[in-house]
Structure formats: structure tokens, C-alpha cells
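Chemist: I'd like to go over a predicted model; first the sequence, then the structure.
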Amino acid sequence: MPEKGYQGWENYETWSVALIINNEQGAYEEALQLARRLRHKEDYERADAFKEWVEQYLPWEAEEEFMPRNERCWDKYPLHHLWQQLLNSALGHVDWQEIADSYHDDIKDEDEDEDEEEE
């Protein structure tokens, strides 16, 4: 029976988000910091926080928060609503729990390494 998912992840969209975060040093460090802050939260809270963290970097969200209305450019692109819909659809397929769990596992490994060093 073929393995479910893509490259060991739930699906292509989840793999793609994890790949980008893992390959961008700053993003990876931010993800680990987020995982550390969420260490004692419930699973669903960690998943929601990772989803919100990624979504804040969407171009239209970043412009909304950081740029004055007269300087925003995202909505000036032809067919910008099409790109928004496609990207939102893809992000809707991401298994945010799997993303959050992967970074939670990374920090659990750090905790185990620290425990070994103390012994």
C-alpha cells in the first residue's frame, strides 16, 4: 500500500511550508522560539499559533499591518484576488498540527540534550 502524504508529511502543502521554514535560518529560529513559548500549551493552541505566525507574512496581511494605505501595492497587481484565493486555498490544506508538532519535537530534543549535559 502506498504511503499517505508527501515526502513523509501529510500532504504537499504541509511539506512545502515546513521546507521553507526549515531552509530559511531566520524563519527556523523564529519557529523554534515560537515552539518554546508554546511548550506547555494544548495541541490545538500550538497549531493555531503556527498558522497565525505564517499568515502574518502573507503580502496582503503584511501590507495591511506595516504600510500606509497609499503605499500598499498588493492590490494593484492584475488578478490579485486570484492569487489570494489560490494561496489561501493552499494554506487551508496545511496540517498545522503536524507543523507545530515538528517544532515541538525539535525543542523536546533540546531539552533532552540539556538533561544529558547536566548529568
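Modeler: Cool, got the structure.
Chemist: R39: which element?
Modeler: In the assignment (DSSP states H and E), R39 maps to no helix and no strand.
Chemist: Y28 contacts L19, doesn't it?
Modeler: No - checked against Cβ atoms under 8 Å, the pair Y28 and L19 is beyond contact range at 10.9 Å. (C-beta placed from N, C-alpha, C; glycine too.)
Chemist: all helices of this structure, in order?
Modeler: Remark: helices assigned in the chain by DSSP state H are 12-23, 25-37, 43-55, 59-66, 80-92, 96-118.
Chemist: distance of the closest residue to E30 other than its chain neighbours from H80?
Modeler: Spatial nearest neighbour of E30, chain neighbours left out: W53 (7.5 Å); criterion: Cβ to Cβ, 6 or more residues apart in numbering. Remark: distance between W53 and H80 (Cβ to Cβ, to the nearest Å) = 23 Å.
Chemist: higher neighbour count, those two?
Modeler: Set W53 next to H80 and count neighbours by other Cβ atoms under 10 Å: W53 wins out with 18 against 14.
Chemist: skipping its backbone neighbours, what lies nearest the residue minimising distance to the centre of the chain in space?
Modeler: Geometric centre of the chain, nearest residue: V54, 4.4 Å, by Cα atoms, centre = their mean. Sequence neighbours aside, V17 is the residue nearest to V54 in space, at 6.4 Å (criterion: Cβ to Cβ, 6+ apart).
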